[in-house]
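Asker: Sequence first, then the predicted structure:
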Amino acid sequence: MNKYERQGPQSASHQTLPDAVALELSQMPTEVLDLSDAPPLAPRAPLTQSEVRTILMSLLLSMFLAALDQTIVATALPTIGRQFQDVSNLSWVITAYLLASTAVAPVFGTLSDIYGRRGMIIAALGLFVSGSILCAVAPNMTVLILARGLQGLGGGGIMPIVQTVISDVVTPRERGQYQAYFSGVWMAAGIGGPVLGGFFAEHLHWSMIFWINVPLGLIALATLLPKMGKIPVFHRKRKVDWLGGVLLMASAVVIMLVLTWGGNRYLWLSPTIIAMVGASIALTFAFVWHAGTAEEPFLPLSLMGGTVAPYAMAAGGCGFGAMLGLTVHLPLYYEVVYHLSASQAGLALIPLAAVSTGGAAIAGRTMARAKHYKLVAIIGTSCAALLGLALALTTLQLWALLLLLSVFALGLGTVFPVSVVALQNAVVRSQVGTVTGAMNFFRALMASFMVAAFSAILLMALGSDISLGGGEQHGPINSIAAADMIAAFRYVFGAAAALLACAALCMIAMEEKPLAGPVKPTAMVE
């Protein structure tokens, strides 16, 4: 029988492999793939435009609730303090919400990548509504503060999940336009919150501030949940790194307390603040070490690296920090320099808050059409930096100042949709929630840091023992000369200009990865 003739039926089964081949096969690793959470082979039917619109409206309502409760309480605080006969702890009504919402943002983002968006949005809205009910029926200040913390846990979860669900529904190229809607929600909440809070406290009862969240939260759930089943599934079940999550939340809480108490309740160089700074550094190092050694860390450090994520996060954080820092401190400038009342100073903030939404809308529409989409953010932030420098070098009439601030806000607003969409576009779909939660977390930290930094700048420049940015006044504001306030605010406007210049540099350095999705048929912008 030659080598081409068919062998007998038993010969092949009885043949033995060479020893070298058998040894190599025995040492090959084996892996069992778990397909239980894999997406179905047949693609889901695409969402109709009507379904996308319904999902968007419910998401905007959810985000509006979370954003509103950061501002609506402020004007009702005096009424609440009088009823409970406790003024010394009033600041905790706001601080408890901010601490909780900042700490849990990355937690909810990561858990949505593990357990899915549906369960996490139900949990977040459930915590928020439950906290609102407890706030409304609180019998004393202690219960109110604890309930505000519970409410903050839900509010902090709503933010990243809403942005993540939008990333599941629309392509990155279309997503920028929806981010502009979210900017509009923040603007509406920032302007409408104090007005609604004051109206409820003066004409109805302060508890209405919290009762109003119950029907609105239930409406958001009722409209969203029926459509959640049609949203594409990108989460991947894995073991939860609870230790990493606890370390991250603990470090965030301590850092936020340092930024809240430093210069107000305690001196910056007091033993308490120094000890807390040391504790926050230790917790941060512990988290980084654990994330580097854990098999599946809660927040993979690799997500924070690369050519997109660090620059997008830094650009968005600088823009948000500059905007919030100016929003908190400009009313003081208006009152001292232009002799506006408190309500008039609040209205004078509208150009800064409202026009930034226009900048976000322009950037969103540009991203849907342009190949080089980050150019709009580079131009916008560069122009805003130059205008901030002009504000620092000149003294203007009120109308001219408001006009310049409007153009400044227009440029500033362009950075938000570009940074968010570029960040989500740079990671795999199963990690969009994680990176979105991390982005919200770092933005909140940056905003808190810049509010504290702007206050420190003003205090050093004025040399006055006053409390800036709200709270109890330790010194008379009316005693500050207008010329001194103008001189002090030159440094504030200069700091804002520096932040926007940093945002522009980050946008330039960020890699411009192509956006997935259809390009609008209108003129393709190079």
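Answerer: Sure thing, it's come through. Residues are numbered from 1 along each chain as shown.

Asker: neighbouring contacts of stretch 442-460?
Answerer: 98, 101-102, 105, 252, 255-256, 259-260, 262-263, 268, 313, 316-318, 320-322, 324-326, 328-329, 332, 466, 468-469, 488-489, 491-492, 495, 499 (CB atoms under 8 Å, 6 or more residues apart in numbering). No exception for glycine: its C-beta is placed from N, CA and C like everyone else's.

Asker: Among those residues, which lie within strands?
Answerer: Among those, DSSP state E puts none in strands.

Asker: Which helix or which strand is home to the spatially most central residue of the chain?
Answerer: Nearest to the mean C-alpha position of the chain, by CA atoms, centre = their mean, lies Asn440 at 2.7 Å. Secondary structure from DSSP states H and E places Asn440 in helix 432-462.

Asker: Just checking the distance from that helix to the centre of its chain.
Answerer: Centroid separation between helix 432-462 and its chain, computed with CA atoms, centre = their mean, to the nearest Å, is 11 Å.

Asker: got the contact list for Ala252?
Answerer: For Ala252, the contacting residues are 102-103, 441, 445, by CB under 8 Å, 6+ apart.

Asker: how much space between it and Ala322?
Answerer: Ala252 sits at a distance of 21 Å from Ala322 (criterion: CB to CB, to the nearest Å).

Asker: where does the chain have low pLDDT?
Answerer: 1-47, 74-75, 88, 176, 180, 230, 232-237, 343, 463-479, 516-526 (pLDDT under 70).

Asker: repeat that for 50
Answerer: For the chain, applying pLDDT under 50 flags the ranges 1-14, 31-45, 467-476, 522-526.

Asker: For Ala487, which non-adjacent residue is closest in space?
Answerer: Ala461 (6.7 Å; CB to CB, 6 or more residues apart in numbering).

Asker: Output stretch 370-377 in PDB with nothing but the alpha carbons.
Answerer: What follows is stretch 370-377, C-alpha atoms only, in PDB (Å, rounded to 0.1, in the frame of the first residue of the first chain):
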ATOM      1  CA  ALA A 370     -17.700  67.700  11.000                       C
ATOM      2  CA  LYS A 371     -14.800  65.400  10.600                       C
ATOM      3  CA  HIS A 372     -12.500  67.400  12.900                       C
ATOM      4  CA  TYR A 373     -15.100  67.800  15.600                       C
ATOM      5  CA  LYS A 374     -12.800  69.000  18.400                       C
ATOM      6  CA  LEU A 375     -11.900  72.100  16.500                       C
ATOM      7  CA  VAL A 376     -15.100  73.800  17.700                       C
ATOM      8  CA  ALA A 377     -14.100  73.300  21.300                       C
END
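
Asker: Asn89 in helix, strand or coil?
Answerer: coil (DSSP: H, G, I helix; E, B strand; the rest coil).

Asker: residues near it, how many?
Answerer: If you count neighbours by other CB atoms under 10 Å, Asn89 ends up with 15.

Asker: Give me the ChimeraX select line for the contacts of Ala252, limited to the buried ones.
Answerer: Here is the ChimeraX selection string for the buried members of those, based on 16 or more other CB atoms under 10 Å:
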select :102,103,441,445
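
Asker: Show me which pair in the contacts of Ala252 is furthest apart.
Answerer: Farthest-apart pair in the contacts of Ala252 is Ala103 and Leu445; separation 10.2 Å (CB to CB).

Asker: okay, and the common contacts of those two?
Answerer: Contacts common to Ala103 and Leu445, judged by CB under 8 Å, 6+ apart, are 252, 256.

Asker: quick one on the thing from earlier: any idea how far the residue lying closest to the residue nearest to the centre of the chain once chain neighbours are set aside is from Leu90?
Answerer: Distance criterion CB to CB, 6+ apart; nearest residue to Asn440, sequence neighbours excluded, is Ala105 at 4.1 Å. According to CB to CB, Ala105 stands 25 Å off from Leu90.

Asker: the more surrounded of these two?
Answerer: With neighbours defined as other CB under 10 Å, Ala105 and Leu90 compare such that Ala105 has more, 29 against 20.

Asker: Check which residues of stretch 486-499 are buried.
Answerer: 488-490, 492-499.

Asker: same deal with stretch 288-298?
Answerer: Within stretch 288-298, the residues scored as buried using 16+ other CB under 10 Å are 288, 290-291, 297-298.

Asker: Now find how far off-centre the helix or strand where Gly198 lies is within its chain.
Answerer: Take DSSP H and E as the rule and Gly198 turns out to sit in helix 172-203. Here the centre of helix 172-203 is set off from its chain's centre by 14 Å, with CA atoms, centre = their mean.

Asker: List the buried residues of it.
Answerer: The neighbour-count check on helix 172-203 (16+ other CB under 10 Å) flags 172-191, 193-194, 196-198, 200-201 as buried.

Asker: likewise stretch 152-168?
Answerer: For stretch 152-168, the neighbour count (16+ other CB under 10 Å) marks 152-168 as buried.

Asker: Check stretch 216-226 too.
Answerer: When neighbours are counted by 16+ other CB under 10 Å, the buried residues of stretch 216-226 are found to be 216-217, 220-221, 223-224.

Asker: Sitting in helices, which of those do you find?
Answerer: Among these, the members falling in helices (DSSP state H) are 216-217, 220-221, 223-224.

Asker: Find the pair from these with maximum spatial separation.
Answerer: Leu216 and Leu224 (12.4 Å).

Asker: picking that back up, wait, what's in contact with the residue nearest to Ala487?
Answerer: Neighbour list for Ala461: 484, 487-488, 491 [criterion: CB under 8 Å, 6+ apart].

Asker: Mind telling me the two of those residues farthest from one another?
Answerer: Going by CB to CB, the pair spanning the contacts of Ala461 furthest: Asp484 and Tyr491, at 12.0 Å.

Asker: Packing partners of the helix or strand where Thr272 lies?
Answerer: Using DSSP H and E, Thr272 sits within helix 271-293. Other helices and strands packing on helix 271-293, by 3 or more CB pairs under 8 Å, 6 or more residues apart in numbering; DSSP states H and E, are helix 242-261.

Asker: still on that earlier bit, now tabulate the buried residues of stretch 486-499 in CSV and tack on distance to Leu125.
Answerer: Compiled in CSV, these are given as follows (distance: CB to CB, whole Å):
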residue, distance to Leu125
Ala488, 43
Phe489, 40
Arg490, 45
Val492, 37
Phe493, 39
Gly494, 42
Ala495, 37
Ala496, 35
Ala497, 39
Ala498, 39
Leu499, 33
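
Asker: Helices - which of those land there?
Answerer: 488-490, 492-499.

Asker: so which of the residues you listed comes closest to Val420?
Answerer: Using CB to CB, the shortest approach to Val420 within these belongs to Leu499, at 17.7 Å.

Asker: Apart from its neighbours in sequence, what residue is nearest Met256?
Answerer: Spatially, and ignoring its direct neighbours in sequence, Met256 is nearest to Leu99 (5.1 Å; CB to CB, 6+ apart).

Asker: can you check Thr434 too?
Answerer: In this structure, Thr434 finds its nearest non-sequential neighbour in Thr110, 4.6 Å apart by CB to CB, 6+ apart.

Asker: so who does the one you found touch?
Answerer: Neighbour list for Thr110: 245, 298-299, 433-434, 437 [criterion: CB under 8 Å, 6+ apart].

Asker: neighbours around Leu204, how many?
Answerer: By other CB under 10 Å, 11 other residues sit near Leu204.

Asker: do the same with the one 3 residues further on
Answerer: Per other CB under 10 Å, the neighbour tally for Ser207 reads 19.

Asker: Distance check, the closest residue to it other than its chain neighbours against Val93.
Answerer: Nearest non-adjacent residue to Ser207, counting by CB to CB, 6+ apart: Ala136, 4.2 Å away. Distance of Ala136 to Val93, given as CB to CB: 13 Å.
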